[in-house]
Each structure stands twice: as C-alpha cells, then as structure tokens.
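Q: Generate a structure from the sequence data that follows.
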Amino acid sequence: MTKVNLRGLGVALITPFHDDGTIDWGALSGIIEYQVANGTDYIVALGTTAETPTLSRQEQVDVVRFIVEKVNGRIPVVKGVGGNNTAAVAEEMRCGDLTGISAFLSVTPYYNKPTQEGLYRHYHALSQVSPLPVILYNVPGRTGVNMTAETALRIARDCPNVIATKEASGDLNQIKAIIEGAPEGFQVISGDDAVTTAVIALGGVGVISVFGNAFPKEMAWLVRHALNGDAQHARQKMEADFNALFHLIFVEGNPSGVKCLLSQRGMVRNVVRLPLVPVSHGTSQLIQQELMKLKG
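A: Below is the predicted model:
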C-alpha cells in the first residue's frame with residue numbers, strides 16, 4: 001500500500017455556497033489554489049468543515065472530483081468517509097471513485113454510541129476492505145463517544161493500513177499516551193488548531209486545520225517551526241496574533257465561524273446550509289475586530 005506523508009499542515013476544506021445555497025464552484029476553485037500556493041501540505045475533502053451531511057450524494061461525488069481535478073496531483077487529497085453504519089462505510093471505501101485520493105479520514109461512529117469494542121470492530125472491518133490507508137478521527141464533542149488511547153493503539157497494532165489518528169478529544173494526556181504507545185509508522189495529528197503546537201511538542205506530526213482555510217501560510221509557518229523544534233517560539237507568535245481568532249471561529253460552531261472569517265476576507269459568501277446558521281452579529285463583529293488588528 002502506498003505510503004502517505006501526513007507531516008505538516010492539512011486543511012479541511014469548506015464548501016462555499018451561493019446565496020441560493022448551491023455550491024459556488026468558482027469560490028471553491030479559489031480556495032483550492034490559495035491552499036496550494038500558500039504551503040498547505042494536503043487537503044481533506046468532505047470533512048466536518050465541508051458541511052458534508054448537508055451535501056447530496058451527487059454533490060459529494062462532484063466536490064471530490066472537482067477538488068482532485070483542481071489539485072491535479074500537486075499535493076495529496078484525503079477523502080472523508082465515515083458514518084455510523086459500518087457496512088455502508090465499508091461499501092463506500094470499496095466502491096467509491098478513488099482517482100486522485102491518497103487516504104481516507106474516517107470519523108468514529110456517531111449517535112449510536114458504540115462501546116470501545118464496537119469501535120475496534122468497526123475500524124477492523126473497514127481496514128479489511130479499504131484499498132487505501134485509513135486515518136482514524138476521534139472527535140467526541142461531535143460524536144458522543146471518545147475513542148480511548150487503548151482502543152486507538154489496539155487498532156494501530158492490529159490494522160497495518162490504519163496509519164494515523166486525527167485527535168480532537170482535547171485531552172493532551174490521551175494524545176500523549178497514543179504517541180508514546182504508537183507502533184512504528186503510526187502518526188498522530190492534531191484535530192484542534194488551538195493545541196497544534198502542544199501536540200507537535202508531544203510528538204505529533206501536524207494538524208488538520210479549520211483555520212488554515214483562511215490563513216494557510218501562517219498555519220504552515222506555525223507547523224513547520226514547531227516540527228523543527230521551535231514550538232515555544234511558534235506558539236508565542238501565533239498566540240499573540242491569532243489566539244482570539246482560533247477560539248472565535250468555533251464559538252458558534254464550525255464551519256459557521258470560519259465562513260464568517262472567509263467572507264470578511266472577501267473569499268466566500270457567508271452562507272451555510274441548515275441546520276447551521278451564520279454566526280451572530282456580535283461574533284461577526286469580534287472576528288472583524290481581530291482581522292482589523294492584524295491589518296494594523
């Protein structure tokens with residue numbers, strides 16, 4: 001199986017919409033080129049940030065095809081394939097169009113709240129059929145279940161094509177345990193912009209970022225300095241410049257916050273699909289104030 005280098009900055013792309021809610025392909029093209037030109041190491045298509053649950057099946061196919069064609073092999077593309085029906089996720093992995101896709105990012109099953117044994121069996125089943133490397137995605141704040149370090153490491157040991165985990169548990173002790181116990185070649189990626197440097201300092205390989213949609217060059221700088229052993233300097237600089245924005249873009253949910261940020265930078269319309277709504281006027285003003293500070 002082809003090796004995938006996940007070291008550095010991955011960006012979970014948004015899906016831009018027109019005012020009528022249809023996909024804005026022109027804006028998506030611009031975002032992709034902006035990523036490639038400004039240091040993003042790989043792109044994640046159809047992640048949470050893409051509002052994937054609100055995209056029709058055909059829209060999902062079209063978005064992935066569009067991203068792959070625009071990237072044109074310049075950087076890897078990771079495809080989000082997850083759900084709470086193991087058989088359906090396995091079928092998508094086996095039968096979906098894999099052209100230009102380097103790996104799958106697969107979130108822990110949500111809503112039905114499996115046990116740790118259920119999580120293990122879910123990923124073991126996926127690993128048996130997946131033609132591409134698989135990245136685990138643990139985000140208990142969204143799914144309602146935390147995949148423990150013990151379970152992640154059990155999967156990593158027993159499933160050679162499971163190559164990494166995107167950890168968004170917010171638990172640095174758990175992340176540290178995974179890093180320290182990981183078999184050779186298994187990588188740990190931060191799933192939270194605000195703790196990127198902390199995770200890298202523990203031995204993580206980078207971040208799959210939301211903030212990078214708007215500031216890829218700055219996030220790439222942060223990640224590379226941290227990976228080069230200068231995590232403290234990187235953290236100090238980024239906390240001084242971007243710490244408030246890191247938190248503001250999540251205060252009313254993702255991707256509502258980052259779309260507000262991008263719209264204020266003139267890159268997309270501030271449109272999300274229900275059940276999401278744009279951030280409140282107050283949050284929008286706070287984001288605008290932080291942007292003005294950066295310009296000043």
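Q: And the pLDDT at E51?
A: Listed pLDDT for E51 reads 98.
Q: how many neighbours does it have?
A: Using other CB atoms under 10 Å, E51 has 20 neighbouring residues. (Glycine included, C-beta is placed from N, CA and C.)
Q: and what of I155?
A: If we define neighbours as other CB under 10 Å, then I155 has 23 of them.
Q: Am I right that it falls within a strand?
A: No: counting by DSSP: H, G, I helix; E, B strand; the rest coil, I155 is not found in a strand; it is helix.
Q: pretty sure it is touching H124, no?
A: Yes: look at I155 against H124 with CB atoms under 8 Å: they come within range, at 6.9 Å.
Q: lowest average confidence, helix or strand, in this protein?
A: Least confident element among the helices and strands of the chain, by mean pLDDT, DSSP states H and E: helix 231-248 (a mean of 85).
Q: Give me the buried positions along the helix or strand just after it.
A: The element immediately downstream of helix 231-248 (helix or strand, assigned by DSSP states H and E) is helix 256-264. Residues of helix 256-264 classed as buried: S256, G257, V258, K259, C260, L261, L262, S263, Q264 (neighbour count, 16 or more other CB atoms under 10 Å).
Q: Specify which member of those is nearest to G212.
A: Minimum distance to G212 across these is 9.2 Å, recorded for V258 (CB to CB).
Q: Let me know the secondary structure of T40.
A: Criterion first, three-state DSSP; result for T40: coil.
Q: Go through the buried residues of helix 256-264 and name the one nearest F211.
A: The closest of the buried residues of helix 256-264, once distances to F211 are taken by CB to CB, is V258, at 6.9 Å.
Q: Against F242, how distant is the closest one?
A: 13 Å (CB to CB, to the nearest Å).
Q: Now do the shared contacts for these two.
A: Both V258 and F242 are in contact with F211, where contact means CB atoms under 8 Å, 6 or more residues apart in numbering.
Q: Can you pull out the low-pLDDT segments for the stretch 101-250 of the chain?
A: The model of the stretch 101-250 of the chain has no residue with pLDDT under 70.
Q: all strands for it, in order.
A: All strands of the stretch 101-250 of the chain, identified by DSSP state E, counting those that start in this stretch, fall at 103-107, 134-138, 162-167, 187-190, 206-209.
Q: Tabulate those strands (a markdown table), appending distance to V145.
A: Output for the strands of the stretch 101-250 of the chain, formatted as a markdown table (distance: least, CB to CB, whole Å):
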| stretch | distance to V145 |
| --- | --- |
| strand 103-107 | 10 |
| strand 134-138 | 9 |
| strand 162-167 | 14 |
| strand 187-190 | 19 |
| strand 206-209 | 19 |
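Q: quick one: which of those strands is nearest E117?
A: Per CB to CB, nearest to E117 of the strands of the stretch 101-250 of the chain: strand 134-138, 15.6 Å.
Q: could you say what helices and strands that closest one packs with?
A: strand 103-107, helix 116-129, helix 149-158, strand 162-167 (3 or more CB pairs under 8 Å, 6 or more residues apart in numbering; DSSP states H and E).
Q: distance between the shortest one and the chain's centre?
A: Translated: strand 103-107. 10 Å (CA atoms, centre = their mean, to the nearest Å).
Q: Next: the longest one.
A: Here helix 116-129 is found 21 Å from its chain centre; the criterion is CA atoms, centre = their mean.
Q: That one: which residues count as buried?
A: G118, L119, Y120, H122, Y123, L126, S127.
Q: and that helix, what does it pack onto?
A: helix 86-95, strand 134-138, helix 149-158.
Q: G206: how many residues sit nearby?
A: Using other CB under 10 Å: G206 sits among 28 other residues.
Q: measure it to I249 for me?
A: 19 Å.
Q: Over to G47?
A: From G47 to I249 the distance is 15 Å (CB to CB).
Q: likewise V271?
A: 16 Å.
Q: More neighbours: these two, which one.
A: Between V271 and I249, counted using other CB under 10 Å, the more crowded position is I249 (28 against 18).
Q: what phi and what psi does the backbone show at the more buried one?
A: phi -70, psi -10 (degrees, to the nearest 10).
Q: Isn't it up against G212?
A: No: checked against CB under 8 Å, the pair I249 and G212 is beyond contact range at 11.1 Å.
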